[in-house]
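1. A predicted structure for the sequence below; I have some questions about it.
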Amino acid sequence: MTAAATFPESFWRSLRHLNQYRLFLAFSLTLGVWAFPQYAPIAADDIQLFLVSGVLYGTAAILLSGMERLRQTVFQRQLYAQVGVDILGISWLMHLSGGSAGGLGLLLILPLAAAGMLPSLRSVLAVAALATLILLLEQAWRTLGTNLALDGFIRAGLLSMGLFVTALLSHALAKGARSAAELAGEKGRLAEQLARINARVIQELPFGVLVVDPAGRVLLANSQAEEQLRGQFHTDCTLERCSPQLAELWAGWQREGKAQAHPFQVERDGGRLRARFIELEPQREAGAIVVIEDVTEIEAEAQRMKLAALGRLTANLAHEIRNPLSAVNHAAQLLKEEADAEVRARLCRIIEDNASRLNWLVDDVLSLNRRDRQNREKLQAAEVIPAFVEEFRRNESVPPGVIQLEIEPAADFCFDRLHLQQILWNLCRNAWRYCRKQAGSIRISVRHYAAGTDLDVFNDGPPVEAKLQVHLFEPFYTTDQKGSGLGLYISRELAEANQAQLRYVERPDGALFRLSCARFPC
């Protein structure tokens, strides 16, 4: 990298202004002395020399201006040359105008201010020292062999001090400007690098990305989006012209804040696409980023997983049904041959128990079918939970006092009422099965927070062993011979259908299941 590249553009503009000042100075001094020689503060026999010097100074200014425009010489060398020409030229014109008493020495302030742009403080001080030395030598030459007072040295000394102060202040300001320019340049390079990285990442994404302005014009589109939408998005392309299906979704999103839920298809042989809109600003009017996903493979994979799960469910269901049916068949055969009334009654109970087990199993399987049929509503825990507990106690013959409630008055949540009853029934049935059957053995507590509501079902029975916790929500997994193994699995599925979460919380004094529900919106 050349030295010229280390100086900000503002420094080059300052150098250009210095050239313009030099040209104006040479032109005005030369023209003034030539037009009004009687008012020139110089001896009459020196006017010709002054005019020649002014012309030479102006010529040097023109040459330096050409060098600055071409920028073939590095900034620092050009600055040395310009300041050097100014110091020598102005000092010589000052000498021809009566020395420091003539007033032209003040014109050195601007070149010394420009010298402050040099990066080295030593260089700045050297330039100021050179100007001071020339001033003092000129004053010494002028007073040599005369009886003049020392007031000329005082003027030269004060002017020299002013030159040093100007150079130092300018250097401090230029140093700050250079640091700010370097920082801005570094941030600019970093921004360019990030822009290149972002562009590369967007192009390599496995899904399509479009950036759309409020009028529906496509500002950016990656190759994946063009391939999915079967089109090319140029600068003036709009969604309505280049992708009518996406334009319809875009219009719906602008009106209602949400797009059509179902995937769309561009052409008959095209993939099934799903669009998701992300606001560029908090207001939708500012445009959006459109993420387009091809859900063809996802739907096919989901269908394969669904069929595989259905196969496993069918196999497990057949296994679960076979045992009760075998018991019923065996009891029925014995019932035909048994004459003892007591034995016949016991065999009838076996048939009834296994028939009830089969009925529970069918009900559990039907609950899976009701997973996606939901009617979420805002439920007040203080109204719903006590009514459920009373119904559960009557149906399961639970003594009073076994179930205790701890419900915050303001606790509410969004849930399907039938789904909530199914989940609570499964949790409370398990709690009643494993608790100590004492007063307060089962505790149902509801607490609400800013983000949602937690519903806890606790029983004082033995905690679930760590090795069994990973299987709690698996279908057909049970440690009870009379259980179907679907209760917790169905409860979790119903919870997820209502945007809630059901999980087991470890406690040393019992077993706790927590249902975390969303509050709003329903």
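-> All right, it came through fine. Only a predicted model underlies this, so the values are computations on that prediction, with no experimental measurement involved. Numbering: from 1, shown residues only.
2. centroid residue for the chain?
-> With distances taken as C-alpha atoms, centre = their mean, residue 280 lies nearest the centre of the chain, 11.3 Å away.
3. that one is in contact with residue 220, isn't it?
-> No - in terms of C-beta atoms under 8 Å, residue 280 does not count as a neighbour of residue 220; the distance is 11.3 Å. Placement of C-beta: from N, CA and C, glycine included.
4. what touches both of these two?
-> The contact sets of residue 280 and residue 220 overlap at residue 211 (C-beta atoms under 8 Å, 6 or more residues apart in numbering).
5. and residue 475, what element?
-> Per DSSP states H and E, residue 475 falls between elements, in no helix or strand.
6. gap between the closest residue to it other than its chain neighbours and residue 265?
-> What sits nearest to residue 475 in space, not counting adjacent residues and going by C-beta to C-beta, 6 or more residues apart in numbering, is residue 489, at 4.3 Å. The gap separating residue 489 from residue 265 is 35 Å, by C-beta to C-beta, to the nearest Å.
7. neighbour count for the two, which is higher?
-> Between residue 489 and residue 265, counted using other C-beta atoms under 10 Å, the more crowded position is residue 489 (20 against 12).
8. and residue 512, which of the three is it?
-> Secondary structure for residue 512, judged by DSSP: H, G, I helix; E, B strand; the rest coil, is strand.
9. now for it, how many residues are close by?
-> Neighbour count for residue 512, taken as other C-beta under 10 Å: 19.
10. residue 414 - how many residues pack around it?
-> A count of nearby residues for residue 414, using other C-beta under 10 Å, gives 19.
11. wait, it touches residue 378, no?
-> Yes - counting by C-beta under 8 Å, residue 414 does reach residue 378; the two are 5.8 Å apart.
12. show me the shaky parts of the stretch 201-350 of the chain.
-> Low-confidence segments of the stretch 201-350 of the chain (pLDDT under 70): 232, 234-236, 259-262, 268-270, 284, 299, 302, 306-320, 322-323, 337-339.
13. mind doing that once more with 80?
-> 202, 204, 206, 226-237, 240-245, 254-271, 280-286, 295-347, 349-350 (pLDDT under 80).
14. same check, this time on the stretch 401-522 of the chain
-> 450-451, 470-471, 474-487, 518-522.
15. now name the helix or strand holding the residue nearest to residue 475.
-> Here residue 489 is assigned to helix 487-497, by DSSP H and E.
16. right, and the helix or strand after that helix?
-> Along the chain past helix 487-497, the next helix or strand (assigned with DSSP H and E) turns out to be strand 501-507.
17. mind checking the pLDDT average for stretch 154-164?
-> Over the span of stretch 154-164, the pLDDT mean works out to 82.
18. and it, how far out from the chain's middle?
-> 58 Å (C-alpha atoms, centre = their mean, to the nearest Å).
19. how many neighbours does the residue nearest to residue 55 when sequence neighbours are not counted have?
-> Nearest residue to residue 55, sequence neighbours excluded (C-beta to C-beta, 6+ apart): residue 30, at 6.1 Å. Residue 30: 20 surrounding residues under other C-beta under 10 Å.
20. that older thread, how close does the residue nearest to the centre of the chain get to residue 288?
-> Distance of residue 280 to residue 288, computed by C-beta to C-beta: 6 Å.
21. go on, residue 282?
-> 12 Å.
22. and if you look at residue 327?
-> Counting by C-beta to C-beta, the gap from residue 327 to residue 288 is 62 Å.
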